[in-house]
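Student: give me the fold of what follows.
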Amino acid sequence: MVFAADLKLQEQEAVAAFLANGSQDSFRALFEALYPKLVSYFVVRGLELPVAEELAQDVLMTTYQHANSLRQKECFFGWLFRVAGNRHLQYLRQRKRKIETVGLTPNSVRGLKRGDTT
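Tutor: Now for the predicted structure:
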């Protein structure tokens, strides 16, 4: 049985190891520790599971690529969830742009004559 305190310790150890050396092995441990937490973060905000999983992967890849830009290592979790929040907003904006509305516009109506159905 794994307790919440043990999980928190595993997360902290994974973060510390990753920030110390940035190796692929330490990133793998970080991924395994934080991926479920990030998926939950997105699901709680109303995203479907496949989308939440994809966004969690995106956030962790961003973490891998930009962790060296983190000035205060003790602020890692705040930074991580700021990245997650920004990625969520980006996804919502992209989804909003993809929604197409169907209807008549002034330009599409001008060429029609009364009684014309084409």
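
Student: do you know how far residue 93 is from residue 66?
Tutor: Plainly put, residue 93 is 21 Å away from residue 66 if you go by C-beta to C-beta, to the nearest Å. For every residue, glycine as well, the C-beta is placed using N, CA and C.

Student: just checking, what packs against the host helix or strand of residue 20?
Tutor: In the assignment (DSSP states H and E), residue 20 maps to helix 4-21. Secondary structure elements in contact with helix 4-21, counted by 3 or more C-beta pairs under 8 Å, 6 or more residues apart in numbering; DSSP states H and E, are helix 24-44, helix 76-98.

Student: so what's residue 52 closest to, chain neighbours aside?
Tutor: For residue 52, ignoring the flanking residues on the chain, the nearest one in space by C-beta to C-beta, 6 or more residues apart in numbering is residue 42 at 3.5 Å.

Student: and the helices and strands packed on helix 4-21, which is most packed in?
Tutor: Compared across the helices and strands packed on helix 4-21, helix 24-44 shows the largest average neighbour count, a mean of 16 (mean count of other C-beta atoms under 10 Å).
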